Structure formats: structure tokens, C-alpha cells
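> turn this into a model:
(one chain, ligands or ions: 1)
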Amino acid sequence: MASRSVVLTASGISKTFGEVPIVSDFSLTVHAGDAVALTGRNGAGKSTILRMLIGAQKPDTGRVEFEGIRMSETNPEIRRGMASVIDDLDFFPDLSVVEHLDLMARAHGVPEPDAHVDAVLAEVQLVPQSGQLPGTLSSGQRRRLALATAFVRPRRLLVLDEPEQRLDVEGVAWLADRLVEERKRGLAIIMASHEPHLVDAVATRRIHVVGPEPAGVAAEAPGAGEADA
Ligand SMILES: Nc1ncnc2c1ncn2[C@@H]1O[C@H](COP(=O)(O)OP(=O)(O)OP(=O)(O)O)[C@@H](O)[C@H]1O
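Model prediction:
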């Protein structure tokens, strides 16, 4: 098998809130084409792990690197290569749907941004809403816009926290197909999800996060989908 490049590594990262160790000595190596799914109960620490992986939260111990560069969410080189949809995005209240995507595409130097934005808008089925302001969208449409902001820009790593949230059944099926396509093109994906169908369809590896009880984060479980061999 041709060797695939390492996109992200986390080495022994930990996070304690107050007196409670939420994430303990968590390590992960993600290669191009990997789709890693974090699963586990509410409060297990999945979002905390993702926030540390993208540099939004500093680990108490350990180190995260993106393509060999120490993680910093403000490093332009990292921001160029990593797209994330973690929390509900804060949209600009006075920019329309299409203006958000246009801004994102141009900020990241997408060639032919108009055509690209139109294609992504069609894919997330927001063409009829393209002129609306975010505050007037339904909650599922806002979720689609958040996902579109990641799909409209270049990326080598996609980090998603419960991307299925508020999507309808067709939306989850579309998302699964889209993410499979992404990893087949060699992108790396790390996502937390409570949707077994999405995890089954997309993940090449799963990590079941146990959380603070009884002993930190659990070991990796064998994944569905592509094997490494
Ligand atoms: N900034 C914070 N201060 C204090 N506690 C926090 C903070 N952020 C997270 N926690 C706690 O850490 C634990 C893990 O939270 P986290 O959001 O990572 O869980 P999760 O696995 O993503 O859960 P869910 O499936 O509900 O999204 C929770 O008990 C949460 O209350």
C-alpha cells in the first residue's frame, strides 16, 4: 500500500475542568483518507477532544500537530488546510447565505468562486434561500449553511462535531455520501457523532470515548468501511 501522509497527530493530550479529568492521555494519528469517528455518551468528552484537536482549547498536557506544525488556531498555514464545524457558527446577521459562502470562498482563494459557491449552494439545497439572512433560516437550513462554509473552501482536514444535528433523513444520507466522497479523494475527516448510520457509512476508524468514569478515554475499536490494508 502506498504510504499516506500524516495530517494530524495528538500525543497524550489531557483536559481537566475543575477537579474532573475529562480527557486523559488521549493520542491519535490521522492520515490522509482516514475518517475517524468519535462516539460515546453525552458528556464523555468528544467535543472537548475536537476543540483541542483544532486548537480552540489548549490541552493541559500533550501536543497536537497539523502536518507537523504545532497546532495554533491562528496559524494561517493551518487555517488554510483545516476546516471545522464544531459549535453552531456565529453567522454575520446582515450577510445573506450566498454572501457568507462567497466571503469564505474568496478569503481562501478559491479559483472561480462564483461557480463554486453556486455548486455548493445547490448541493446543500439552499438555492431558494440564498438571499435570506441567517436569522430567517430554519434550524436545519442553518446547519446546512454551517456545513456549506466548510465545503466551499479548500481543506485537507475536516473536523465536524455532530454534523448530523438537525438534518432531515435525506440530509443525513446526503452528508454520508458527501463525507465518503471526501475521504475517497484523500481528505482526512475527524467527527463526533451520535448517528450510527452516519458512522457506519463514513468511518474507517472509530474511537469510543468513555470519559471521566471510570478511567478516561477508551481505546480504539475496529472501524467499519475501508481497512488500511
Ligand atoms: N469549559 C468547560 N468548563 C467546565 N466543564 C466543561 C467545559 N467544557 C466541557 N465541560 C464538561 O466536560 C464534559 C465533556 O463535555 P463535552 O462537550 O466534551 O462532551 P461530549 O462528549 O461532546 O458530549 P455530547 O455528546 O453531549 O455533545 C461535560 O461534563 C461538560 O460539562
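
> and this protein, which residues reach the ligand?
Counting by Cβ under 6 Å from any ligand atom, the residues of the chain close to the ligand are 17, 22, 40, 42, 43, 44, 45, 46, 47, 48, 192. Heads up, the C-betas are built off the backbone N, CA and C, glycines and all.

> filter those down to the buried ones.
22, 40, 44, 45, 46, 47, 48, 192 (16 or more other Cβ atoms under 10 Å).

> which residues does the fourth one contact?
Counting by Cβ atoms under 8 Å, 6 or more residues apart in numbering, residue 45 touches 15, 22, 23, 209, 211, 212, 217.

> for this structure, where's the lowest mean pLDDT among helices and strands?
Least confident element among the helices and strands of the chain, by mean pLDDT, DSSP states H and E: strand 220-221 (a mean of 50).

> and residue 226, what pLDDT?
pLDDT for residue 226: 37.

> about what we covered before: pipe the residues of the chain next to the ligand into TSV and attach pLDDT and secondary structure per row.
As requested, those are arranged in TSV below (pLDDT from 0 to 100; DSSP: H, G, I helix; E, B strand; the rest coil):
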residue	pLDDT	secondary structure
17	95	strand
22	95	strand
40	96	coil
42	94	coil
43	94	coil
44	95	coil
45	96	coil
46	97	helix
47	96	helix
48	97	helix
192	98	strand
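
> where along this protein do the strands fall?
Along the chain, the stretches classed as strands by DSSP state E are 6-17, 20-31, 35-39, 61-66, 69-70, 82-85, 157-161, 188-192, 205-208, 220-221.

> can I get the ones you listed in TSV including distance to residue 107?
Converted to TSV, those look like this (distance: least, Cβ to Cβ, whole Å):
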stretch	distance to residue 107
strand 6-17	22
strand 20-31	25
strand 35-39	26
strand 61-66	19
strand 69-70	20
strand 82-85	12
strand 157-161	17
strand 188-192	22
strand 205-208	32
strand 220-221	35
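
> start to end distance for stretch 66-75?
End-to-end span of stretch 66-75 (Cα to Cα, to the nearest Å): 10 Å.

> flag every buried residue along it.
66, 67, 71.

> for the first one, list each beta-bridge partner.
Okay, so that is residue 66. Beta-bridge partners of residue 66, counted by DSSP bridges, are residue 8, residue 69.

> you'd agree it is up against residue 76?
No - Residue 66 is beyond contact range of residue 76, at 12.0 Å (criterion: Cβ atoms under 8 Å).

> and the strands of the chain, which one averages the lowest pLDDT?
strand 220-221 (a mean of 50).

> mind listing what the spatially closest residue to residue 192 that is not a sequence neighbour touches?
Distances taken as Cβ to Cβ, 6 or more residues apart in numbering place residue 46 nearest to residue 192, at 3.8 Å, with adjacent residues excluded. Counting by Cβ under 8 Å, 6+ apart, residue 46 makes contact with 38, 39, 40, 161, 192, 209.

> likewise residue 197?
172, 176.

> next: residue 124.
Per Cβ under 8 Å, 6+ apart, neighbours of residue 124: 144, 145, 147, 148, 151.

> cool, and residue 123?
148, 151, 174, 178.

> and for residue 198?
Taking Cβ under 8 Å, 6+ apart, one finds 163, 164, 172, 175, 176, 179 in contact with residue 198.
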